[in-house]
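> Predicted model and sequence follow; I will ask about them next.
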Amino acid sequence: MSEYAADALIPHTVEPHPVTGIPNGKFGIWLFLASEVMLFGALFSSYVLLRTGAPHWPPEGGLSSEILNVPLATLNTAVLITSSITMVLAWASCKMGRIDRFRLWMGATIALAFVFLVVKYFEYTHKFELGHFPSHDNFYAVYFTLTGLHGLHVIGGIVVNTYLLTAGSRLWTTEPVHFTNRVENAGLYWHFVDLVWIFLFPSLYLL
Amino acid sequence: MAETAEHPSSPEEFKKHLGKYYVVFVALLCLTAITVGVSYLKLNRPLAIAIALIIATVKAGMVAGVFMHLISEKKVIYAVLILTAAFFLVVLLLPSLTVFEGVAA
């Protein structure tokens, strides 16, 4: 191996970094999640400002729970929570050396993420049929911005998880601990996406 | 990775720790049902917002604490999160400045 190639290897993918006490990948994903907290936090803060400044919320009258589909959103909440535990079980399967079980649970996690998106698709298209686009009023602007950004995160999770399930899983045969750490990091991200929805669901649909 | 209660080394030992994930899973589903149920009671808004946000915070705590293993993490991650929480609070409270401006005017 040339000197360049050796330098190009990312250090501390398996062994904890002496300063942080954790592998670099895990530290990196936590820093990324910290920035995500600020991204969603800024939008959530904007929502609070728009809502408290409005004479009535939603502006066109009625209640959020009458305008949006609460049963579908409740279903989606259950779907995301379930996908969080299947993600944990995928990682746990790696820890127990069961790559076959990992494939099963990771496949389930990805499938549930697709279920979430399909339900969201039906919710969105119903709003569009009524002519309710983000430009309709502040309520729909907030609703589409927050759920849209969250939906993009779900798509991002599907991409990463699908990589780990397919081509990425080759790493298991050469470096199982490194691969397990990658699954753990993808899991940290995925649980965060679940966590964001836990706040979005009541604040957009129920209150 | 260092061997701790959260990350035992042998697969057999590890398997014993899986129970807590199922407990949290069921608790999250129950709390979701409670949140939706409470919303049908049509309580006054401040009370409804308080209850919903308390339940959401408890749920988020369980996801972060157990699924994301924050209950037993390294100090550096806690440090990052404390800093994040502080800035998050600033961002959340920023809109209240508009209230003070209203008083001044």
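In hand now; what should we look at?
> To what extent is residue A:121 buried, counted in neighbours?
Neighbour count of residue A:121, defined by other CB atoms under 10 Å in any protein chain shown: 11. C-beta here means a position set from N, CA and C on the backbone, and glycine is covered the same way.
> what about chain A, any weak spots by pLDDT?
A:1-8 (pLDDT under 70).
> And the helices in it?
In chain A, the helices defined using DSSP state H lie at A:3-8, A:24-53, A:64-67, A:70-95, A:99-129, A:138-165, A:171-174, A:176-200.
> could I get those helices as TSV with distance to residue B:44?
Output for those, formatted as TSV (distance: least, CB to CB, whole Å):
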stretch	distance to residue B:44
helix A:3-8	61
helix A:24-53	16
helix A:64-67	15
helix A:70-95	19
helix A:99-129	28
helix A:138-165	20
helix A:171-174	55
helix A:176-200	21
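> can you list these in CSV and add distance to chain B?
Formatted as CSV, the helices of chain A follow (distance: least, CB to the nearest CB, whole Å):
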stretch, distance to chain B
helix A:3-8, 24
helix A:24-53, 4
helix A:64-67, 6
helix A:70-95, 4
helix A:99-129, 11
helix A:138-165, 13
helix A:171-174, 15
helix A:176-200, 5
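> Pretty sure residue A:123 sits against residue A:72.
Yes - with contact defined as CB atoms under 8 Å, residue A:123 reaches residue A:72; the gap is 5.7 Å.
> Can you get me the start-to-end distance on stretch B:40-47?
Here the two ends of stretch B:40-47 are set 13 Å apart, with distance taken as CA to CA, to the nearest Å.
> Look up the closest residue to residue A:207, ignoring the ones flanking it.
Nearest non-adjacent residue to residue A:207, counting by CB to CB, 6 or more residues apart in numbering or on different chains: residue B:49, 5.3 Å away.
> Check the secondary structure at the one you found for me.
At residue B:49, secondary structure determined by DSSP: H, G, I helix; E, B strand; the rest coil is helix.
> If you count neighbours, what's buried in the longest helix seen in chain B?
When chain B is parsed with DSSP H, its longest helix is helix B:19-39. Across helix B:19-39, burial judged by 16 or more other CB atoms under 10 Å in any protein chain shown covers B:24, B:25, B:28, B:29, B:31, B:32, B:35, B:36, B:38, B:39.
> which of those residues are close to chain A?
Counting by CB under 8 Å from any CB of the partner chain, B:24, B:25, B:28, B:29, B:32, B:35, B:36, B:39 from the buried residues of helix B:19-39 sit close to chain A.
> Among the residues you listed, which one lies nearest to residue A:116?
Closest approach to residue A:116 among those (CB to CB): residue B:32, at 14.1 Å.
> What count of nearby residues applies to the closest residue to the closest one other than its chain neighbours?
Of all residues not flanking residue B:32 in the chain, residue A:77 sits nearest, at 5.1 Å (CB to CB, 6+ apart). Other residues within reach of residue A:77, judged by other CB under 10 Å, total 26.
> Ok, residue A:114 next?
14.
> Can you tell me the closest non-neighbouring residue to it?
Nearest residue to residue A:114 in three dimensions, chain neighbours excluded: residue A:158, at 7.0 Å (CB to CB, 6+ apart).
> List the contacts of the one you found.
Applying CB atoms under 8 Å, 6 or more residues apart in numbering or on different chains, we find residue A:158 in contact with A:110, A:113, A:114, A:117.
> Residue A:155 is in contact with the last one, correct?
Yes - when contacts are counted by CB under 8 Å, residue A:117 is listed as touching residue A:155 (7.2 Å).
> When these two are compared, which one has more neighbours?
Neighbours around residue A:117 and residue A:155, counted as other CB under 10 Å, are more numerous at residue A:117. The numbers are 15 against 11.
> ok now do the more buried one, which residues does it touch?
Applying CB under 8 Å, 6+ apart to residue A:117 gives the contacts A:151, A:154, A:155, A:158.
> need the contact list for the closest residue to the first one other than its chain neighbours.
Read it as residue A:151. Nearest residue to residue A:151 in three dimensions, chain neighbours excluded: residue A:120, at 5.7 Å (CB to CB, 6+ apart). Contacts for residue A:120 (CB under 8 Å, 6+ apart) come out as A:76, A:147, A:151.
> top of the residues you listed by neighbour count?
Taking other CB under 10 Å as the neighbour criterion, residue A:76 ranks highest of the contacts of residue A:120 with 24 neighbours.
> So that residue sits against residue A:119, correct?
Yes - counting by CB under 8 Å, residue A:119 is a contact partner of residue A:76 at 5.0 Å.
> What separation is there between residue A:180 and residue A:9?
Separation of residue A:180 from residue A:9 (CB to CB, to the nearest Å) stands at 18 Å.
> And these two? Which one has more around it.
residue A:180 (23 against 8).
> Surely that one and residue A:91 touch.
Yes - between residue A:180 and residue A:91 there is a contact at 7.0 Å, judged by CB under 8 Å.
> doesn't residue B:26 make contact with residue B:62?
No - counting by CB under 8 Å, residue B:62 sits too far from residue B:26 to count as a contact (10.7 Å).
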